[in-house]
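Chemist: sequence and predicted structure, then a few things I'm wondering about:
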Amino acid sequence: MREFLVEITTGVPEGTGQDEVDRRRAAEAVRARELAATGHLARLWRPVGELRSIGIWRADDEEELHEKVLGTLPLRPWMTVTVTPLDSHPNDPGRAEDTR
């Protein structure tokens with residue numbers, strides 16, 4: 001699988017009830033665990049003081065990432081997503097572990 005740097009900002013549409021927000025956030029947590037278990041979600045961070053996330057996600061290609069991985073997130077309709085495909089760097093200290 002290829003790796004992608006994914007930046008996500010989630011905005012709740014105006015007028016959305018708190019019950020709907022809570023339901024989607026709970027479902028999002030479940031789905032994130034499932035994607036981590038299958039190797040699609042490798043790491044996830046929240047920048048201090050910001051309401052966005054930055055993560056390392058994996059998929060065979062960018063189409064699969066959008067359709068079968070990010071597209072399955074319950075909060076996806078409320079997300080703005082920026083995807084950057086990644087390749088290993090020759091000076092990456094973790095490269096010895098890299099199987100590509």
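Modeler: Now that the structure is in, tell me what you want to look at. Here the structure is a predicted model, which is why all the values come from computation and not from measurement. Numbers count the residues shown, from 1 in each chain.
Chemist: if I've got this straight, Thr82 is in a strand?
Modeler: Yes. Under DSSP: H, G, I helix; E, B strand; the rest coil, Thr82 sits within a strand.
Chemist: pretty sure Pro85 sits against Ala59.
Modeler: No. Applying CB atoms under 8 Å, one finds Pro85 not in contact with Ala59, separated by 10.0 Å. C-beta: built from backbone N, CA, C; applies to glycine.
Chemist: quick one: which of those two has more around it?
Modeler: Under the criterion of other CB atoms under 10 Å, the comparison of Pro85 against Ala59 puts Ala59 first, with 22 against 12.
Chemist: show me what contacts that one?
Modeler: 1-2, 4, 40, 65, 68-69 (CB atoms under 8 Å, 6 or more residues apart in numbering).
Chemist: list buried residues within the residues you listed.
Modeler: 1, 4, 40, 65, 69 (16 or more other CB atoms under 10 Å).
Chemist: surely the last one touches Ala32?
Modeler: Right, Val69. No. Applying CB under 8 Å as the test, Val69 and Ala32 come out as separate, 10.8 Å apart.
Chemist: output the longest helix belonging to the chain.
Modeler: helix 18-37 (DSSP state H).
Chemist: in that helix, what's buried?
Modeler: 24, 28, 31-32, 35.
Chemist: tabulate these (a markdown table), appending pLDDT and distance to Leu51.
Modeler: Converted to a markdown table, these look like this (pLDDT from 0 to 100; distance: CB to CB, whole Å):
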| residue | pLDDT | distance to Leu51 |
| --- | --- | --- |
| Arg24 | 97 | 15 |
| Glu28 | 97 | 14 |
| Arg31 | 98 | 19 |
| Ala32 | 98 | 16 |
| Leu35 | 98 | 21 |
